[in-house]
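Participant: okay, here's the prediction I keep looking at, along with the sequence it came from:
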Amino acid sequence: MKIFFLGLSFLCWAMMSLNASAESIKVLTTGAYKQMILAMIPVFEAQTGHKVSMDNETAGELIKRVKSGEAFDVLILTPQALKSFGQEGVVESKSIVSIAKVGIGVAVKEGQELPNIKTVDDFLVALTRAKKVAYINPASGGSSGIYLDQLFKSKGWSEMISPKAFLVNGGYVASALVSGEADLAIHQISEIVPVKGARLVGPLPEELQNYTVYSGAIGSKALKPQVARDFLALVSSAQAAQLMREKGMTPMF
């Protein structure tokens, strides 16, 4: 009995020691990379015992939040924005690493006939036939919405698209298909794949395609810099590469 209690006491001490050594970090990420972070958090926590909290936003809104002084340990954003933040001393410049790139895709509601979008002309036909076209509101700072707005203007399609545009301020654009608010959705592929009830038709024709690259960096004021480095190393490792592909992204390492 005495041995049992001694063993139990040791187990409790070990658990307390583990909890005492566990750290917590905060990750800020753009929406397109959200699913990857959510998938990697339990892996990291199981491997290290540390905790990770995550918050996501459109690239534009995330930049505003960081500029306003929001604290973070790891930041996932475009390389241009991270380079600028590195020059300003907001992130550690030497920590910036390219992680993945993602293209823009087209989606319809599950069960709906799939439009042909192989060529630019095919894509234009699909846009013309659609009653409501959902995409990110450019004013919200979403990279795909900004690009599409510029694309429609450059192609002379804005007058046709404008009356049928269903602008989404953030989150998953393809959700508008499930709710019946749109019958065609255009968004980054990694943000189409997770939406149940929506089906990815395919990427935009290559002549119209736009890839967004995502990189990661450690905050210069990170409270737990080593834990942050370990997490960033995991999400940019071979262990994460296959998962990226499954979620519609292409590894950049």
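Facilitator: Now that the structure is in, tell me what you want to look at.

Participant: what about Leu187, how many residues nearby?
Facilitator: In this structure residue 187 is His, not Leu. If you count neighbours by other Cβ atoms under 10 Å, His187 ends up with 31. Glycine gets a C-beta too; all of them are placed from N, C-alpha and C.

Participant: might one say that it is in contact with Tyr172?
Facilitator: Yes: contact criterion Cβ atoms under 8 Å: His187 and Tyr172 qualify, at 7.3 Å.

Participant: what's whichever strand or helix holds Val106 packed up against?
Facilitator: For Val106, the element it lies in under DSSP states H and E is strand 104-109. Packing partners of strand 104-109 (3 or more Cβ pairs under 8 Å, 6 or more residues apart in numbering; DSSP states H and E): helix 143-155, helix 175-178, strand 184-188, helix 189-192, strand 198-203.

Participant: next secondary structure after the longest one?
Facilitator: Elements were assigned by DSSP H and E; along the chain past helix 143-155, the next helix or strand is helix 158-161.

Participant: just give me how far that following helix sits from the chain centre.
Facilitator: 28 Å (Cα atoms, centre = their mean, to the nearest Å).

Participant: give me the residues contacting that helix.
Facilitator: 127-128, 133, 152 (Cβ atoms under 8 Å, 6 or more residues apart in numbering).

Participant: narrow those to those in strands?
Facilitator: If you go by DSSP state E, the contacts of helix 158-161 have Val133 in strands.

Participant: neighbour-wise, which of the contacts of helix 158-161 leads?
Facilitator: Of all the contacts of helix 158-161, Val133 has the most neighbours under the rule other Cβ under 10 Å, reaching 26 neighbours.
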